[in-house]
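**Student:** here are the coordinates; sequence isn't available:
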């Protein structure tokens, strides 16, 4: 169980998705259009509930089609394990892009 606390919310992180390429790139789904990319919250990887989004740090850059799949508005033949693997890879890639933009920092990083 996760402790109750206010979610991390950052307009800068949400806005950072604008013009980015999709980091999810779900095979057979991704439209590869930077014009449709938004910050997509990964509900399976972070505490959330009805009407409550996870932290903005538990999110990836996703095109509209990949976002629809993650949010359950699009069907897929992929297993939850396969989707989770893609989400994990995309989260690492998104965090690296955010780090390179100076939006997130790591103490002691060189």
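**Tutor:** Thanks, I have it. Quantities reported herein were computed from a predicted structural model and do not represent experimental measurements.

**Student:** got a list of contacts for the helix or strand hosting residue 83?
**Tutor:** Assigned by DSSP states H and E, residue 83 falls within helix 80-100. Here helix 80-100 makes contact (CB atoms under 8 Å, 6 or more residues apart in numbering) with 13, 16, 20, 23-26, 42, 44-45, 57-62, 69-70, 76, 78, 104-106, 109. C-beta: built from backbone N, CA, C; applies to glycine.

**Student:** buried residues, that helix. List them.
**Tutor:** 83, 86-87, 90-91, 93-95, 97-98 (16 or more other CB atoms under 10 Å).

**Student:** ok, back up a step: weed out the non-buried ones from the contacts of helix 80-100.
**Tutor:** For the contacts of helix 80-100, buried by 16+ other CB under 10 Å: 13, 16, 20, 23-26, 42, 45, 57-62, 69-70, 78, 104.

**Student:** re earlier: return the subset of the contacts of helix 80-100 lying in strands.
**Tutor:** Among the contacts of helix 80-100, the members falling in strands (DSSP state E) are 59-62.

**Student:** now those in TSV, with distance to residue 6 and pLDDT?
**Tutor:** As requested, the ones in strands among the contacts of helix 80-100 are exported to TSV (distance: CB to CB, whole Å; pLDDT from 0 to 100):
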residue	distance to residue 6	pLDDT
59	16	96
60	22	98
61	24	98
62	24	98
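
**Student:** wait, which of the residues you listed is closest to residue 33?
**Tutor:** Residue 33 has its nearest neighbour among the ones in strands among the contacts of helix 80-100 in residue 62, at 11.1 Å by CB to CB.

**Student:** fine by me, we can end here.
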